[in-house]
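Visitor: how would this look folded up:
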Amino acid sequence: MKTLTLLIITVTLLSCNKSNQTKAILDSDVEETSIDTVLVKIENKLEKSYEVGFYSKSFTYCWISDKDTLDFKIGMTEHVTDSSVQLRVFHSNPILFSKALDKINESLPLIKKDFNLDKLGYLYFEPPIFYKDMTTELSKSYENQFGKKNIKYKQLNEFLLDSWLERKVSVFLNQFNKSTKRYGIEKFHLLEKAYYEEYIPNSDLSDYPSFSIHGMGVSVLLNE
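Guide: Take a look at the predicted model:
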C-alpha cells in the first residue's frame, strides 16, 4: 500500500506548484493525513538570478486527495544571509482563517524536518476577503473605529495589532515562543462588496460584510 501511495504522489506532484521543482520523493516527504489525503512536499529549484544567493532553500507543501492537488499550499523559504524562515500561504478559494491555521499546524511535523522554526520571522496570508471569519471581524471593528475612510499604514498596523487577527495569530505563534512585531497590507484600501466576486467567484456572499480591508495580502513580521 505504501508503494502505491508513493507512486501516485510522484505522478501528481508537479501540479502542486507552477514553478520548477525537483521531483525526488522520499519516504520522509510524505505524511498521510487521512485515509485518502496525503501531505507532500516539493523542493523548489532556485534558478532565477535574484533567488540564487537570496534563498538557501525553498519548499512547497500541499495536499493530494484522489490524485488531485488540493487548493491550499504552504511555501517555505530560508534566507542565505541570516537563516531566517518565511511561511507563505497560497490558495485561490476562500477558507476560514481558523481552518488555514489548522492546516499549517497539521503540516508542521513535515516542515520541521526541513526548516528551523526557531528562525521563523515572517508570515504571509491572502487578503482578508479570502477568509470569511477574518474579514467579518476586521470590517466590523474597522467601521466602529474609522467608518469607511482609508487610514494610513501606521494606523493600520496599530489597528491590526489590537484586532481579532492578532489574537488568532498570537495563539499560533505561542508554540514557537514568537510574537508579532508589525502587520502590513501592501496597496491597502477598502473593497466594496460589489467587487468581491472578482476575487472569490462562485462564493455565497450573503453573510459577508459590506466592505473588506483589502490589498496584496496580509504580511506579519515577527519579533526575533
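
Visitor: Can you get me a residue count around residue 116?
Guide: Residues contacting residue 116 under the criterion other C-beta atoms under 10 Å number 11. All C-beta atoms are positioned from the backbone trio N, CA, C, and that covers glycine.

Visitor: quick one, what contacts it?
Guide: 83, 85 (C-beta atoms under 8 Å, 6 or more residues apart in numbering).

Visitor: Might one say that residue 210 is in contact with residue 191?
Guide: No. With contact taken as C-beta atoms under 8 Å, residue 210 and residue 191 are classed as non-touching, separated by 10.3 Å.

Visitor: Look up which residues are beta-bridged to the most centrally placed residue in the chain.
Guide: Per C-alpha atoms, centre = their mean, the C-alpha nearest to the average position across the chain is that of residue 89, at 1.7 Å. Residue 89 has these beta-bridge partners by DSSP bridges: residue 74.

Visitor: which of residue 210 and residue 191 has more neighbours?
Guide: Neighbours around residue 210 and residue 191, counted as other C-beta under 10 Å, are more numerous at residue 191. The numbers are 19 against 11.

Visitor: Contact partners for that one?
Guide: By C-beta under 8 Å, 6+ apart, residue 191 lies in contact with 129, 199, 211, 212, 213, 214.

Visitor: Of these, which is the nearest to residue 60?
Guide: Set against residue 60, the nearest of the contacts of residue 191 by C-beta to C-beta is residue 199 (22.4 Å).

Visitor: and that closest one, how many neighbours?
Guide: By other C-beta under 10 Å, the residues close to residue 199 number 16.

Visitor: Residue 97 too?
Guide: The number of residues packed near residue 97 is 25, by other C-beta under 10 Å.

Visitor: do the same with the one 4 residues further on
Guide: When counting by other C-beta under 10 Å, one arrives at 17 neighbours for residue 101.

Visitor: Residue 197 against residue 129, yeah?
Guide: No. Using C-beta under 8 Å, residue 197 is not in contact with residue 129; the gap is 10.4 Å.

Visitor: the more surrounded of these two?
Guide: Counting neighbours by other C-beta under 10 Å for residue 197 and for residue 129 shows that residue 129 has the greater number, 26 against 11.

Visitor: OK, contacts around the closest residue in space to the more buried one that isn't next to it in sequence?
Guide: Beyond its immediate neighbours in the sequence, the residue positioned closest to residue 129 (C-beta to C-beta, 6 or more residues apart in numbering) is residue 212, lying 4.5 Å away. Contact partners of residue 212, counting by C-beta under 8 Å, 6+ apart, are 127, 128, 129, 135, 138, 139, 190, 191, 193, 196.

Visitor: Just send these back as a markdown table, with pLDDT, distance to residue 172 and secondary structure too.
Guide: Supplementary listing: those in a markdown table, determined by pLDDT from 0 to 100; distance: C-beta to C-beta, whole Å; DSSP: H, G, I helix; E, B strand; the rest coil:
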| residue | pLDDT | distance to residue 172 | secondary structure |
| --- | --- | --- | --- |
| 127 | 97 | 19 | coil |
| 128 | 98 | 16 | helix |
| 129 | 97 | 20 | helix |
| 135 | 98 | 18 | helix |
| 138 | 98 | 17 | helix |
| 139 | 98 | 22 | helix |
| 190 | 97 | 26 | strand |
| 191 | 97 | 25 | strand |
| 193 | 97 | 28 | helix |
| 196 | 97 | 26 | helix |
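
Visitor: All set, thanks.
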